[in-house]
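In: Got a predicted model here, sequence first, then my questions.
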Amino acid sequence: MRQPIAGVVHAEIVEREIDLAALLAMVQHRGIGAVSLFVGIVRDVNEERQVSGMEYDAYVPMAAAQLSAIASEACAKEPDLVVAVEHRIGTLKVGEASVAIACAHPHRREAISAAGEIIEALKKRVPVWKLEHYIDGSRQWIDPTASAQAATNA
Amino acid sequence: MKSPTTSVLLFASYADAFGGREIELPVPTPCVVNDLVEALRDLPGGSRLPARPLVAVNREWVELSASVREGDEIAVIPPVAGG
């Protein structure tokens, strides 16, 4: 086990498969008591439509900077927290990981709540978009503000 | 020399609506972000923009009242959908 570390060890937008074991290894060190790993997965159904895959687009330099800033803010609140985070872009299949957040801490509560806070902030602030591909061949850019509106109207 | 146009980055559904990931708008700098948004609204595809679109200047989120100077990197950003 390596010496204690703290802070953001990795925050990147990637165009390859996310290696969950590598992400976990990055945050592990002597002194931790828990690692919380959040993984976002491409789902097969969205709003009752059968999804065949997903294409992720990003404003890459800003997305990377926002990802890093969000992870840094979480670490500023919890001095013993260690974070490694990746968001994948490009074409993904159903079942593949689109985002992964590993948070290590001496205690479980802090590790779990940091992962939760980071994914919520990511969904609001990181400029990434998804073009959903449906099995009938059609495609649509996902607009969470439109579905939130539709849910309100329902 | 002042540039008579300002370049704006577009992504995802906005890149589709306006036909490219970068567009030159006939707005000289210095200006405010909203001047660029209104110029974009006048183009074909402009109806695709919400009342208050998201904008970043130099990769930071800004308000529509933020000022824009020569050389700034401006992006008009569709609702984000990461995760």
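Out: Structure received.

In: going forward, measure contacts and count neighbours with C-alpha atoms only.
Out: Noted.

In: Isn't B:Asn34 up against B:Ser65?
Out: Yes. Here B:Asn34 reaches B:Ser65: they are 6.2 Å apart, a contact under Cα atoms under 8 Å.

In: okay, these two: which has more neighbours?
Out: Neighbour totals were compared for B:Asn34 and B:Ser65, and B:Asn34 leads with 18 against 11 (other Cα atoms under 10 Å in any protein chain shown).

In: Nearest residue to that one in space, please, no chain neighbours.
Out: Excluding the flanking residues, the one nearest B:Asn34 by Cα to Cα, 6 or more residues apart in numbering or on different chains is B:Leu64, at 4.9 Å.

In: which residues touch the closest residue to B:Pro26 other than its chain neighbours?
Out: Excluding the flanking residues, the one nearest B:Pro26 by Cα to Cα, 6+ apart is B:Thr5, at 4.6 Å. By Cα atoms under 8 Å, 6 or more residues apart in numbering or on different chains, the contact set of B:Thr5 is B:Glu24, B:Leu25, B:Pro26, B:Val27, B:Pro28, B:Thr29.

In: I'd like to know how far B:Thr5 sits from B:Ala12.
Out: Counting by Cα to Cα, to the nearest Å, the separation of B:Thr5 from B:Ala12 is 23 Å.

In: ok, A:Ala114 touching A:His105?
Out: No. Here A:Ala114 lies out of contact with A:His105, judged by Cα under 8 Å, at a distance of 9.4 Å.

In: Compute the distance between the spatially most central residue of chain A and A:Lys124, please.
Out: Here the mean C-alpha position of chain A is nearest to the C-alpha of A:Val99 (Cα atoms, centre = their mean), at a distance of 3.4 Å. From A:Val99 across to A:Lys124, the span is 14 Å (Cα to Cα).

In: same deal with A:Ala74?
Out: Using Cα to Cα, one gets 15 Å for the distance from A:Ala74 to A:Lys124.

In: One more: B:Asp42?
Out: 28 Å.

In: hang on, the earlier thing: settle it for me: which of A:Ala74 and A:Lys124 has more neighbours?
Out: A direct count of neighbours by other Cα under 10 Å for A:Ala74 and A:Lys124 places A:Ala74 higher, at 22 against 15.

In: near chain A, which residues of chain B show up?
Out: Residues of chain B lying near chain A by Cα under 8 Å from any Cα of the partner chain: B:Phe11, B:Ala12, B:Ser13, B:Arg59, B:Glu60, B:Ile77, B:Pro79, B:Val80, B:Ala81, B:Gly82, B:Gly83.

In: Which of those fall in helices?
Out: Using DSSP state H, the members of those that fall in helices are B:Ala12, B:Ser13.

In: and which of the residues of chain B next to chain A is nearest A:Gly31?
Out: Closest approach between the residues of chain B next to chain A and A:Gly31, by Cα to Cα: B:Gly83, at 29.6 Å.

In: Isn't that closest one up against A:Ser98?
Out: Yes. The pair B:Gly83 and A:Ser98 qualifies as a contact (Cα under 8 Å) at a distance of 6.4 Å.

In: Spit out the residues that contact the two alike.
Out: In terms of Cα under 8 Å, 6+ apart, B:Gly83 and A:Ser98 are both contacted by the residues A:Gly40, A:His87.

In: Which one of those two is surrounded by more residues?
Out: Taking neighbours as other Cα under 10 Å, B:Gly83 and A:Ser98 compare with A:Ser98 leading, 26 against 23.
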